[in-house]
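Colleague: This is the structure alone, sequence omitted:
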């Protein structure tokens, strides 16, 4: 393999590059967004995406997206990707999450068993313009705040906070040593300290509400700490004839023993196929993790519906057992498809979409799941990635957040996204482009308000398609 020559520019040269990008694509250019005249039908984009998904799960996907414009936005990454292709770009590339809406941040355990706050979904990850992630994140805060019935001023302030946090964090990373950026992380301790600081700024009735919100957040963190494979065993499995098996909870969880003829295989064939896949997946792990995984054997497998945007893609959970029945390990096996960004950006250098997801996740997260790996599916053109199902994972209940809580959360997400971009991109150039004033913040906030308006129109078009029978939606979500 030919070696790639790496250019090492000085800090001054990198800053000058960012400033030059600012001249070419002014930060004020992100204001005033309007949909393109040839904008594709958003419902048609979803229908195209549905063609390769499990058809019996499409009503579940549509039902989840029907709940509100906020849940619709969660499942509309492909629609936004088509809109972003026509927006201004500075020309500064980072590894993108590709779907950086606020519900794709959360807490999980590091390999050292410490809780971290970070991005946690990378199905759409791809290198690309850093602005794409910032706009996806910022618009999600505008839409969530509207969903929570905030005032127009509160909606604006929450969105501004997210973008300002990104810009100010990137300025900090621009001053840091390279390894210090790589080791930077948002720990549980930092999360709690920042929350206490935010609560301390309140007075009177606002203080009581803030304290109540902080307690709820701590309960969620404590709940996340308890979410491990042993906890999953108590929730997802049952003891039958002295052996554990996954409980049937259709349509969300269906064990392979009940799936009937699926994917061209009988239930008796699915189990061995998964075991063969497990052996292939193990080969993608480092030697120490591979040896660790070899100590577990597969006990049962089920199809399990996940998320909003992922519904209909193939997703399974596998129950493995170590030394005995009280030594479980739950793995999640998710289908990886082309990133929605690949319709408009250069294709991934990884031919295997599962590897694209895994490598992108490892690049962006401060610490990743020790069992993160990939494999080809049993059928042609199907690819999978593997990870632990529950490893102290927890997500914020955004729909219940009041202005102070959502503003605090926006600050945390903005910092986290900047850190993820600084790991793979050029924080000095990006910071120089963003500048020291709030001009970028206000431009992205203007974009977010306009995009939230468009999202509401798309949601109405989607709801109309459901009401007309063009799309089928299920209440069993």
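Modeller: Right, received. Where do you want to start? Keep in mind that what you see is a predicted model, and the values were worked out from it rather than measured.
Colleague: need the helices for the stretch 201-350 of the chain, in chain order.
Modeller: 204-226, 229-236, 267-282, 287-293 (DSSP state H, counting those that start in this stretch).
Colleague: possible to save these as TSV with distance to residue 251, mean neighbour count and mean pLDDT?
Modeller: Quick note: C-beta positions are derived from backbone N, CA and C, even for glycine. What follows is those, written out as TSV (distance: least, CB to CB, whole Å; neighbours: other CB atoms under 10 Å; pLDDT from 0 to 100):
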stretch	distance to residue 251	mean neighbour count	mean pLDDT
helix 204-226	25	15	77
helix 229-236	15	17	90
helix 267-282	17	16	81
helix 287-293	30	13	96
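Colleague: Would you convert those helices into TSV that also reports distance to residue 246?
Modeller: Below are those laid out as TSV (distance: least, CB to CB, whole Å):
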stretch	distance to residue 246
helix 204-226	20
helix 229-236	6
helix 267-282	12
helix 287-293	19
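Colleague: right, so of the ones you listed, which gets closest to residue 349?
Modeller: helix 267-282 (21.0 Å; CB to CB).
Colleague: Could you list every helix and strand that that closest one packs against?
Modeller: Counting contacts by 3 or more CB pairs under 8 Å, 6 or more residues apart in numbering; DSSP states H and E, helix 267-282 packs against strand 297-304, strand 315-321, strand 373-376, strand 383-388.
Colleague: what sits up against that helix?
Modeller: 256-260, 262-263, 265, 290, 293-294, 298, 301, 316, 318, 333, 373-378, 384, 386 (CB atoms under 8 Å, 6 or more residues apart in numbering).
Colleague: next one: stretch 387-395
Modeller: Under CB under 8 Å, 6+ apart, the answer for stretch 387-395 is 103, 105-109, 113, 115, 120, 220-221, 223-229, 231-232, 317, 329-332, 334, 369-373.
Colleague: tell me how far stretch 101-118 is from the chain's mean position?
Modeller: The chain centroid and the centroid of stretch 101-118 are separated by 11 Å under CA atoms, centre = their mean, to the nearest Å.
Colleague: now do stretch 126-133
Modeller: On CA atoms, centre = their mean, the centre of stretch 126-133 falls 14 Å from that of its chain.
Colleague: End to end on it, go ahead and measure it.
Modeller: 11 Å (CA to CA, to the nearest Å).
Colleague: if we can go back for a sec, let me have the helices and strands packed on helix 267-282 in CSV, extended by mean pLDDT.
Modeller: Shown next, in CSV, are the helices and strands packed on helix 267-282 (pLDDT from 0 to 100):
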stretch, mean pLDDT
strand 297-304, 92
strand 315-321, 93
strand 373-376, 94
strand 383-388, 95
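Colleague: Nearest to residue 181 among these would be which one?
Modeller: strand 383-388 (24.5 Å).
Colleague: List the strands paired with that closest one, with their directions.
Modeller: Applying DSSP bridges to the sheet, strand 383-388 is found paired with strand 328-336 (antiparallel), strand 373-376 (antiparallel).
Colleague: With respect to residue 443, which of the ones you listed lies nearest?
Modeller: strand 328-336 (33.6 Å).
Colleague: Taking strand 383-388 as reference, get the angle to the helix or strand following the closest one.
Modeller: Next helix or strand after strand 328-336 toward the C-terminus (DSSP states H and E): helix 353-364. Taking axes from the mean of the first three to the mean of the last three CA atoms, to 10 degrees, one finds that helix 353-364 is oriented at 50 degrees with respect to strand 383-388.
Colleague: What are the boundaries of the strands in the stretch 101-250 of the chain?
Modeller: In the stretch 101-250 of the chain, the segments counted as strands under DSSP state E, counting those that start in this stretch are 105-109, 115-119, 126-129, 186-187, 237-240, 243-246.
Colleague: Out of those, the one nearest residue 44 is which?
Modeller: strand 126-129 (22.7 Å).
Colleague: What is that closest one packed up against?
Modeller: strand 93-96.
Colleague: before we move on, the earlier item: kindly reformat the helices and strands packed on helix 267-282 as TSV containing mean neighbour count and distance to residue 241.
Modeller: Formatted as TSV, the helices and strands packed on helix 267-282 follow (neighbours: other CB atoms under 10 Å; distance: least, CB to CB, whole Å):
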stretch	mean neighbour count	distance to residue 241
strand 297-304	20	13
strand 315-321	22	15
strand 373-376	22	31
strand 383-388	23	27
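Colleague: what's the closest of these to residue 414?
Modeller: Among the helices and strands packed on helix 267-282, strand 383-388 comes nearest to residue 414, with 25.5 Å by CB to CB.
Colleague: need the next SSE after that closest one, C-terminal direction.
Modeller: helix 403-424.
Colleague: got the angle between whichever helix or strand comes after that next one and helix 403-424?
Modeller: Toward the C-terminus, helix 403-424 is succeeded by helix 427-434 as the next helix or strand (DSSP H and E). With the same axes, to 10 degrees as the basis, helix 427-434 and helix 403-424 are set at 130 degrees to each other.
Colleague: by contact count, what packs against helix 427-434?
Modeller: Short answer (3+ CB pairs under 8 Å, 6+ apart): helix 427-434 packs on helix 11-24, helix 152-174, helix 403-424.
Colleague: redo that, cut-off 6 Å
Modeller: If contacts are counted by 3 or more CB pairs under 6 Å, 6 or more residues apart in numbering; DSSP states H and E, helix 427-434 sits against helix 11-24, helix 152-174.
Colleague: C-terminal to that helix, what's the next element?
Modeller: helix 439-468.
Colleague: Show the average pLDDT along that following helix.
Modeller: In this model, helix 439-468 has a mean pLDDT of 98.
Colleague: Quick check: phi and psi on the closest residue to residue 129 other than its chain neighbours?
Modeller: Once flanking residues are discounted, residue 129 sits nearest to residue 89: 4.2 Å by CB to CB, 6 or more residues apart in numbering. For residue 89, the backbone dihedrals are phi -130, psi 140 (criterion: degrees, to the nearest 10).
Colleague: how close does the closest residue to residue 199 other than its chain neighbours sit to residue 403?
Modeller: Distances taken as CB to CB, 6+ apart put residue 210 closest to residue 199, at 4.4 Å, once the chain neighbours are dropped. Counting by CB to CB, to the nearest Å, the separation of residue 210 from residue 403 is 10 Å.
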